[in-house]
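> using only what follows, build the 3D model:
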Amino acid sequence: MLKVAITGNIASGKSQVEKILLSYGYKVADADKINHFILASDFSVIKEIKSDFADDDILDENKNISREKLGKVIFSSEEKKYNLETILHKRINEKINDFLEENKSENIVFIAVPLLFETGMAKNYDKIIFVSADEDVRLKRLIERNNYSEQYAKVRIAAQDREDYKIKKSDYIIYNNSDFINLRTQVDKILTQLLNLKYEFFQP
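Got it, this is the predicted structure:
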């Protein structure tokens, strides 16, 4: 099995790459979606977060964790960000391992991990695809997609490591500043390269 990570900074277009791969029939796991699932359904994790962030405004009107509120809290404090990641990353990794076990007969699987390099998870994958987009493009997407203010969108962008550092550590780069057709063309080229890799990667 060839394990391929998909990563990229915020609003670069990782989800669009995932949609293309899914449309081709590939198995794709998404660490962000796993994270959302855990925050909504894993009661032990929810209890721990509510306890650790009891002094912060992180709950919605129904006393559930608001991802938007929690995001604003952790992006204003490195210590709180670290505390949250400590709680969540073990459970996310468990879910990813479950996904790999369930799909071990597949030749290639894809896992989208936004914080791949920040969390030291790059070593777990055979190949890395980095989705890149210019900062002004990502800023516009965040404002339009998430209804963020320009100031907060810039804070979210600045919170991640620079793209050039991650590009150097990746095997394939997708430049997503254009339209969907261009994006799909780049994905197709990378798939061709992945499928041409040595046979030993495709052993269960």
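> low-confidence stretches in this structure?
Within the chain, the stretches with pLDDT under 70 are 198-204.
> the helices in it, which residues?
14-23, 31-41, 43-52, 67-74, 78-102, 135-146, 150-158, 163-168, 180-195 (DSSP state H).
> gap between Met92 and Phe110?
Careful, residue 92 is Ile; it's not Met. 16 Å (C-beta to C-beta, to the nearest Å). All C-beta atoms are positioned from the backbone trio N, CA, C, and that covers glycine.
> let me redo that: Asp30
From Asp30 to Phe110 the distance is 9 Å (C-beta to C-beta).
> that older thread, quick one: the helices of the chain as a markdown table, columns for distance to Ile6 and mean neighbour count too.
Listed next are those as a markdown table, based on distance: least, C-beta to C-beta, whole Å; neighbours: other C-beta atoms under 10 Å:
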| stretch | distance to Ile6 | mean neighbour count |
| --- | --- | --- |
| helix 14-23 | 6 | 18 |
| helix 31-41 | 10 | 16 |
| helix 43-52 | 24 | 14 |
| helix 67-74 | 21 | 16 |
| helix 78-102 | 13 | 15 |
| helix 135-146 | 16 | 16 |
| helix 150-158 | 19 | 14 |
| helix 163-168 | 12 | 13 |
| helix 180-195 | 10 | 14 |
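> for these, which one sits closest to Lys3?
helix 78-102 (7.0 Å; C-beta to C-beta).
> the closest one to helix 43-52, inter-axis angle?
If you take axes from the mean of the first three to the mean of the last three C-alpha atoms, to 10 degrees, helix 78-102 sits at 170 degrees to helix 43-52.
> gap between helix 78-102 and the chain center?
Taking C-alpha atoms, centre = their mean, to the nearest Å, the mean C-alpha location of helix 78-102 is offset from the chain mean by 12 Å.
> next, the angle helix 67-74 makes with that helix.
Using the same axes, to 10 degrees: helix 78-102 against helix 67-74 is 130 degrees.
> helices or strands up against helix 78-102?
With contacts taken as 3 or more C-beta pairs under 8 Å, 6 or more residues apart in numbering; DSSP states H and E, helix 78-102 sits against strand 27-30, helix 31-41, helix 43-52, helix 67-74, strand 108-112.
> what pairs with the shortest one, parallel or antiparallel?
When sheet partners are counted by DSSP bridges, strand 27-30 sits next to strand 108-112 (parallel).
> so what's Met121 up against?
Met121 sits next to 5, 93, 113, 115 when contact means C-beta atoms under 8 Å, 6 or more residues apart in numbering.
> for Glu135, see how far away the nearest residue to the second one once chain neighbours are set aside is.
Nearest in space to Asn93, with sequence neighbours left out and distances taken as C-beta to C-beta, 6 or more residues apart in numbering, is Met121 at 7.8 Å. Distance of Met121 to Glu135, computed by C-beta to C-beta: 24 Å.
> same check, this time on Ser77
Separation of Ser77 from Glu135 (C-beta to C-beta): 24 Å.
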